[in-house]
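Novice: coords please:
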Amino acid sequence: MSLRLVLAISMDGRLAPPSGGAAKLGNVGDRRALEEALVWADCCLMGAGTLRAHRSSCLIHQLDLLEERKQLNKSVQPPLLLISRSNPPLGIEPDWPFWQQPFARWLLAPAGIKAPGFERFFPLGPWPQLKQSLAAEGVKNLLLLGGAELTASLLAAGVVDELQLTLCPLLLGGKQHWLPPNFELPAQAWQLVEARELGTSELLVRYKLKEDC
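Specialist: Residues are numbered from 1 along each chain as shown. Model (predicted):
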């Protein structure tokens, strides 16, 4: 199974302005690249903190991409797997748009009480084990939508195979890095597999982890 991280970041590596909140960095070209990644995905992965910041997840809107997903015999939108250290997830309000969005909702949380509104449940455990469990469910392409702490844990576990980053023409400053401060990561080498301009001075780069790492 392949796990791809997709992010829009500023030129100084920030996810959001210093005040924090929902990140809204990308422009039209980045939105297209994100929806293309959603077509590729069999499932999306998101931390509960990211959901609390946005109150919703990402959807495919463009008609040609919806048709492409249909031709691939996939669901209209990929399922969303929410990761929470608490069960049920704390701070997820019932009136958020998340609950009305047209995708299946799955939950990865400590074993025990099941949260209403989620169709599938997976117990928290080692990331390599989770990848195996999802692969057994037919998930070949897993798209990571954030946030920073979740991204860091997956990188540290060595289970992220691809990085898809949109570099936005902004300098934001502050502490909202796309990886947590003082994060320690074993040395990893990545190979560039795609680089393209998205318009409005945005640049997409996509890297794959070298197999010998």
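Novice: At which residues are the strands of the protein located?
Specialist: Using DSSP state E, the strands of the chain run over 2-10, 43-47, 80-83, 105-109, 120-123, 141-144, 162-168, 190-199, 202-209.
Novice: I'd like these as JSON lines, with mean neighbour count and distance to residue 98 appended.
Specialist: Using the backbone N, CA and C atoms, a C-beta is placed for each residue, glycine as well. As requested, those are arranged in JSON lines below (neighbours: other C-beta atoms under 10 Å; distance: least, C-beta to C-beta, whole Å):
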{"stretch": "strand 2-10", "mean neighbour count": "21", "distance to residue 98": "18"}
{"stretch": "strand 43-47", "mean neighbour count": "23", "distance to residue 98": "10"}
{"stretch": "strand 80-83", "mean neighbour count": "24", "distance to residue 98": "8"}
{"stretch": "strand 105-109", "mean neighbour count": "21", "distance to residue 98": "8"}
{"stretch": "strand 120-123", "mean neighbour count": "14", "distance to residue 98": "16"}
{"stretch": "strand 141-144", "mean neighbour count": "24", "distance to residue 98": "17"}
{"stretch": "strand 162-168", "mean neighbour count": "20", "distance to residue 98": "23"}
{"stretch": "strand 190-199", "mean neighbour count": "12", "distance to residue 98": "27"}
{"stretch": "strand 202-209", "mean neighbour count": "18", "distance to residue 98": "27"}
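Novice: buried set for the longest helix along the chain?
Specialist: Counting residues, the longest helix found in the chain (DSSP state H) is helix 28-40. Neighbour counts over helix 28-40 (16 or more other C-beta atoms under 10 Å) mark 29-40 as buried.
Novice: and that helix, how far from the chain's centre?
Specialist: The chain centroid and the centroid of helix 28-40 are separated by 12 Å under C-alpha atoms, centre = their mean, to the nearest Å.
Novice: That one packs against which elements?
Specialist: Helix 28-40 is packed against strand 2-10, helix 63-71, strand 141-144, strand 162-168, strand 190-199, strand 202-209, with contacts defined by 3 or more C-beta pairs under 8 Å, 6 or more residues apart in numbering; DSSP states H and E.
Novice: From the rest of the structure, what touches it?
Specialist: 4, 6, 8, 26, 44, 58-62, 65, 68-69, 72, 74, 77-78, 141, 143, 164, 166, 168, 197-200, 202, 204 (C-beta atoms under 8 Å, 6 or more residues apart in numbering).
Novice: which regions of this structure lie under the pLDDT threshold?
Specialist: By pLDDT under 70, the weakly predicted segments of the chain are 21-23, 113, 212-213.
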